[in-house]
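J.: show me how the following folds:
(3 chains)
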Amino acid sequence: MSGANMPLLSVEDLHISLTTDAGRFPAVEGVSFSIARGETVGLVGESGCGKSITALSIMGLLRDPLGLAGGKIKLSGQEIQNLPASQLRALRGKRIAMIFQEPMTALNPLKAVGTQIAEMFVLHQGASWREAEAKAVDALTQVKVPAPAQRAKDFPHQLSGGMRQRVMIAIALACEPDLLIADEPTTALDVTVQSEIVDLMKELCAARGTAILMISHDLGLVTDTCKRVCVMYAGRIVEQQDSERIFNSPQHPYTQGLVASLPRLGMRARHGRRRLTEIAGVVPGITSYPAGCRFHPRCTRRTEICETVVPELTALAEGSLVRCHHHG
Amino acid sequence: MAGFIIRRLLQMVPMLVAIALLIFVLFSVIPGSFATGQQDEGLGLDMAVVTRMRQELGLDDPLHVRFGKYVAQLATLDLGISFRSRQPVADMIGARMWPSLILTAAAMGFAIVIGVPLGFVAALRPGSLVDLGLMIVAVSGLSLPKFWLGILLMYLFALTLGWFPSFGYGDGGLYHLTLPAIALGVSPMALLARTTRAAVLDIMNADFVRTARSKGMNEYRVVVWHVLRNALVLVLTTIGLQFGSLLGQGVVVEKLFAWPGIGSLLVDSVFQRDIPAVQGCILVISLFFLVINTSVDIAYKLIDPRIRYN
Amino acid sequence: MKRLTLLSTIAVATAGLFVAVMPPAEAQTPRKGGVVRITAPYASSFGNLDPHMSGRSQDGQVHMTIHRTLYIWDSAKGEPALELATAATASAGGTVWTFKLRQDAFFHNGRKMTADDVVWSFNRLMESGKGFVGARWVRLIKGAVEKEKGEAQEISGMKKVDDFTVEISFTQKVEPGFLFYNMTTSILPKEEVEKPTWAIAPVGLGPFKFKEHISGSRLVTERFDKFYKPGLPYLDRVEFPIMAEASARDIAFRNKEVDTSILGPVQYVAYNNDANLKKNILEVAEVFTRAMVMNIGVKPFDDKRVRQAINHAINTKIIVERLARNKAYVATSWLPITVPGYDKDMSPYAYDPAKAKALLAEAGLPNGFEFEWTTSQNESWGLPIVEAVIPMLAQVGIKVKTKVVEVAVLTDLALKGEFQAYIGSSQTGPDPLQTLRCFHSATPRTSCNVSGYKNADFDKLLDEAGTTDDPAKKLDLLKKANAHLYDAAPVWFFNYNKAAMAYQPWVHGLLGNPTEMVHQYPEYIWVDATSPAK
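T.: The predicted structure is shown next:
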């Protein structure tokens, strides 16, 4: 592959295992996807499907009892999954940054938010604290926080949820990383604020050429913000498609179920008044994954082969992938 | 802030009165009385002296009369006259406050300086040999009787090595203060080590520590920039409680090292049934405890912005 | 003419009965200067620096340094000796005494002592409405009781004859030396006592004046240059570090941080096993008797045979050897070794369980009985002793239930008679008559007849001894009374205390005071140049 076409991030056949007293269990199995420079990719799935763990593994933040069990993570072609801690640290914040779901607990309650932003400049740009604090105020301006100089002296509990997430974004983008991983960035926010935050992210990242890996359980949000969507279920990627198409023509039964369960504008007009469909059954826990296709207990198209044979990822038209015996 | 302090002090008043009443009642039911303990030992009593002593000290007045007098006295901040020295109790306690305070402060200082780092180091390597070793030290510290530890310190550092004197107040300087401070401080040190370890472990799993790591900080910076202050805030309560109760706990160490503290004054007064002195001591110790607690609350207000800006 | 106290002739003889290891005759000349650090071992503080107010032994240490009395206790002779009084003449059958006072005694504030001070001091002791402990000794003066009750302004029996002569009339025949050697009868300066600082900075006639008191830690006195004994005191300073904890005292002593240390049984053995330490132990048979007092009013203690049985059932010798580590003498009756009236030819009750059983059977208790034994935790005369005795009594069928209480409570219960038997230590000297009077039927329980003993024959012996003028007859009567008690056995005779004090080799001039070892007259103490104290 030529340099220009090399993906920024390439996750190849990632395996993450969970070690308990009862043994080792696969939390994430055979996950592969790539993100090009400046691209926005979404990772969608229900709680417990392994999407957050995948993100943490990219950052090298997995802790016991979770651990990398196989696969490769390449950043600009360089393998980073086995890097020694010091080199990995050099990447964090500088080339890959992450924002988390709960901004209230993700920020240190005893430090002013300005200081927490300023840390990035001191850490990665060798700035003095004075310079860093000034830059922190600039960063707050960029994330559209009104009265940034005053807000910089505030503590996290004095800010609203939306403000805090803006601070998190400011921290993450402070050193202009190549990739921003956003783990459920809007889940804890009010609906009205959600779109503001997402728009802000898109704007700032587009301006800096920062790629985004957006992780969410909200398919609607992800398809709005990302160019491509990967759907995860029970530790495996079950479908990958461009966002426009996935809504209109989801290939995997799970994705179809997700799409069908979303309330959409104009549905009532088109389909009349009816209940939202739900997917029957519950997500299996890590320690009790079914054999074969992990979705088969809940699938309407289930056949015998689904119970025993793990479907491979099948390539479809225009770069789509699906993992199903009965896709379409 | 000022209002907060005044409110807390006012809350204390009914509590102190209740304590005083309790002591009065207790001493009127327990056997043994002051007058019988004061005469030539073993010689038998001179009952006329006993009678006159009781008269002089007002021991024969009914309980409510004595209590009423006492509360009236307290209102003028007069702690009464000690039965055995016939001196004002306030003077007696006053003479012992400074030695007690420096002993308590030194013991607490030792506990903090040794215990908090110990807990920190143990928490940063949980489950390791270092952790295990440090926690064994901590548990031993909690279990060792102060008396035995004191004698051991005396034997080792005074008699064998000759680094410190084995007893006495001297001029209240570090030379005389060190051994009793260590004997008294080992127990709170152990408690602080355990508390700090638990607090740090708690914080190391917090979300904001994960954020700190995601910023690309090395572990040292993570600990110093983010864990330290947050852990200390958690430990502050324990420090306050220990400090407050340490004032009265010093009696064994005081008696062993001939340290003129308020703990031994209290115990001696109890044995000799010197009621005004007992009450004075208990009231002062309770007041001290309250002051420390209030100070801790104020410190929290100052340190933790979540409380400050509420 | 100075009339010898009746006991002085005997005292010389009894001095030979001291089991005292006196410091070897000093070949060196006493050195002037230096500091001695005498530990105060009985409590963790000094109670009261006013000698009239406190009779506690620990306070007495300090009082003897700062104050003086008409008489002091002469340990060498074993009797009271004149001190502030230079002469004492008896008349009217020993009920009126005329005292000539020293003319060279100065208070620490510079004023000379006169007869007024003696009169004032004794009057103060009898002040109505105040509980001065020394009153018990002064009460025998005519008119004292009236003053105490508030019926008189002054003690009528005290008369100032001139500036240095006082005449005192007593209500009965007395030996004033035994009354006025007690520090609770110290002569005090009125103008200082009336100052508000009196309680914290006492002023007296003693060889040292008060310097500093850190309550709970130490008390310091320094030489008074105008002390009336020429060339005395030797020392610049006497310090009293307070060390009630025996183990701490042991370490401090070995570390040469203190100059004296009272030894408990454990340290007594340890020090005697150390070649160096054993050379400097001062021992004296103190005038204290340890015993289990039986409440005569409680059955079956009213039967003499039962009481004797108990004395036979207990192997007192073994207990003294093993538990008291021989830091005590097996008791033979009530009077201890150094007190006149003690009969060295009398042997203690033999350990004879068979005889004990026989006596019990005679008394109608062939299967024994049960009683409650009240005790404190004291290691020398408390629970450890009781626990050793219980199996011995069990052997003869006597079952014991123990009741453990604080010492203060023990005293209370004893004086109220709320006990069946209790074990304690009583001062049994130096005056044998006063000591034996504790068993006189006229003595109330609250005074010291704790057992409630009543016997007409015994009373007669004592009454005669009290009135006779013949010293030999008196001694004989006292001996008989003591023997009577031996037979009547109102107590289990346990032991007489042996006080042992370790002292550093550079300390000289310590005396074995049988009334209380820590009560030293500090003007005689001196330290040689090897003393490390500054």
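
J.: which one is the residue of the stretch 151-300 of chain A found nearest chain B nearest to, not counting chain neighbours?
T.: Residue nearest to chain B within the stretch 151-300 of chain A (CB to the nearest CB): A:Phe155, separated by 4.1 Å. Where C-beta positions appear, they are placed from N, C-alpha and C, glycine not excepted. Of all residues not flanking A:Phe155 in the chain, B:Pro305 sits nearest, at 4.1 Å (CB to CB, 6 or more residues apart in numbering or on different chains).

J.: and for C:Thr86?
T.: That would be C:Lys100: by CB to CB, 6+ apart, it lies 5.0 Å from C:Thr86.

J.: same deal with A:Glu278?
T.: Per CB to CB, 6+ apart, closest to A:Glu278 is A:Ser261, 5.6 Å.

J.: what's the burial count for the residue lying closest to A:Thr210 once chain neighbours are set aside?
T.: Distance criterion CB to CB, 6+ apart; nearest residue to A:Thr210, sequence neighbours excluded, is A:Leu180 at 5.2 Å. Residues within reach of A:Leu180, counting by other CB atoms under 10 Å in any protein chain shown, total 23.

J.: before we move on, what about C:Gly364?
T.: With other CB under 10 Å as criterion, C:Gly364 counts 11.

J.: C:Ala394 versus that one, what's the distance?
T.: 20 Å (CB to CB, to the nearest Å).

J.: what's the answer for C:Ile319, then?
T.: 15 Å.

J.: I'd assumed B:Leu103 was in contact with B:Gly185.
T.: No - checked against CB atoms under 8 Å, the pair B:Gly185 and B:Leu103 is beyond contact range at 9.4 Å.

J.: report the contact partners of residue 255.
T.: All of this refers to chain A. A:Leu219, A:Val231, A:Val238, A:Glu239, A:Ile246 (CB atoms under 8 Å, 6 or more residues apart in numbering or on different chains).

J.: nope, chain C please
T.: Counted by CB under 8 Å, 6+ apart, C:Asn255 has contacts B:Ala158, B:Leu159, B:Gly162, B:Pro165, B:Ser166.

J.: contacts only, for the residue of the stretch 301-450 of chain C found nearest chain A.
T.: Here the stretch 301-450 of chain C gets closest to chain A at one residue, C:Glu406, 52.2 Å apart by CB to the nearest CB. Applying CB under 8 Å, 6+ apart, we find C:Glu406 in contact with B:Gly32, B:Phe271, C:Ser376.

J.: do you know how far it is from C:Phe288?
T.: For C:Glu406, the distance to C:Phe288 - CB to CB - is 20 Å.

J.: contacts for stretch A:48-57 next, please.
T.: Against stretch A:48-57 from outside (CB under 8 Å, 6+ apart): A:11, A:14, A:16, A:27-28, A:31, A:43-45, A:62, A:66, A:68, A:73, A:81, A:98, A:181, A:183-184, A:213, A:215, A:232-235, A:283, A:285-286.

J.: quick check: closest non-adjacent residue to residue 208.
T.: Just going to use chain A. A:Glu176 (5.3 Å).

J.: oops, I was thinking of chain B
T.: A:Asn108 (4.5 Å).

J.: dump the residue contacts of the one you found.
T.: A:Gln116, A:Pro156, B:Phe208, B:Thr211, B:Ala212, B:His226, B:Asn230.

J.: which SS class is the closest residue in space to B:Asp78 that isn't next to it in sequence?
T.: Using CB to CB, 6+ apart and skipping residues adjacent in sequence, the residue nearest B:Asp78 is B:Ala90, 7.2 Å away. The assignment at B:Ala90 comes out as helix when based on DSSP: H, G, I helix; E, B strand; the rest coil.

J.: packing partners of the longest helix along chain A?
T.: Using DSSP state H, we find that the single longest helix of chain A is helix A:191-208. Packing contacts for helix A:191-208, counted by 3 or more CB pairs under 8 Å, 6 or more residues apart in numbering or on different chains; DSSP states H and E, involve helix A:161-173, strand A:179-183, strand A:211-216, helix A:219-225.

J.: got JSON lines for these, with distance to C:Pro430 and mean pLDDT too?
T.: JSON lines is the format used below for the helices and strands packed on helix A:191-208 (distance: least, CB to CB, whole Å; pLDDT from 0 to 100):
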{"stretch": "helix A:161-173", "distance to C:Pro430": "88", "mean pLDDT": "91"}
{"stretch": "strand A:179-183", "distance to C:Pro430": "93", "mean pLDDT": "93"}
{"stretch": "strand A:211-216", "distance to C:Pro430": "98", "mean pLDDT": "92"}
{"stretch": "helix A:219-225", "distance to C:Pro430": "103", "mean pLDDT": "86"}
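
J.: redo these as JSON lines? Include distance to C:Asp74.
T.: Below are these laid out as JSON lines (distance: least, CB to CB, whole Å):
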{"stretch": "helix A:161-173", "distance to C:Asp74": "91"}
{"stretch": "strand A:179-183", "distance to C:Asp74": "96"}
{"stretch": "strand A:211-216", "distance to C:Asp74": "101"}
{"stretch": "helix A:219-225", "distance to C:Asp74": "107"}
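
J.: and the ones you listed: which comes nearest C:Ser169?
T.: Nearest of the helices and strands packed on helix A:191-208 to C:Ser169, taken as CB to CB: helix A:161-173 at 98.2 Å.

J.: just the angle between the closest one and strand A:179-183, please?
T.: 150 degrees (axes from the mean of the first three to the mean of the last three CA atoms, to 10 degrees).

J.: so which residues of the stretch 51-200 of chain A form helices?
T.: A:51-59, A:85-91, A:103-106, A:113-125, A:129-142, A:148-151, A:161-173, A:191-208 (DSSP state H, counting those that start in this stretch).

J.: kindly report the residues of chain B close to chain A.
T.: With CB under 8 Å from any CB of the partner chain as the criterion, chain B meets chain A at residues B:206-208, B:210-218, B:221, B:225-226, B:229-230, B:233, B:303-306, B:309.

J.: of those residues, buried ones?
T.: B:206-208, B:210-217, B:221, B:225-226, B:230, B:233, B:304-305 (16 or more other CB atoms under 10 Å in any protein chain shown).

J.: now intersect these with the helices, please.
T.: Short answer: those in helices (DSSP H) are B:Asp207, B:Phe208, B:Arg210, B:Thr211, B:Ala212, B:Arg213, B:Ser214, B:Arg221, B:Asn230, B:Val233, B:Pro305.

J.: which ones are touching the residue nearest to A:Ser243 when sequence neighbours are not counted?
T.: Among residues not flanking A:Ser243 along the chain, A:Thr223 sits closest, at 4.2 Å (CB to CB, 6+ apart). By CB under 8 Å, 6+ apart, the contact set of A:Thr223 is A:Gly42, A:Val229, A:Ser243, A:Glu244, A:Ile246, A:Phe247.

J.: in PyMOL, how would I select the buried members of those residues?
T.: If you want just the buried ones from those in PyMOL, going by 16+ other CB under 10 Å, the selection is:
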select buried, chain A and resi 42+229+243+246+247
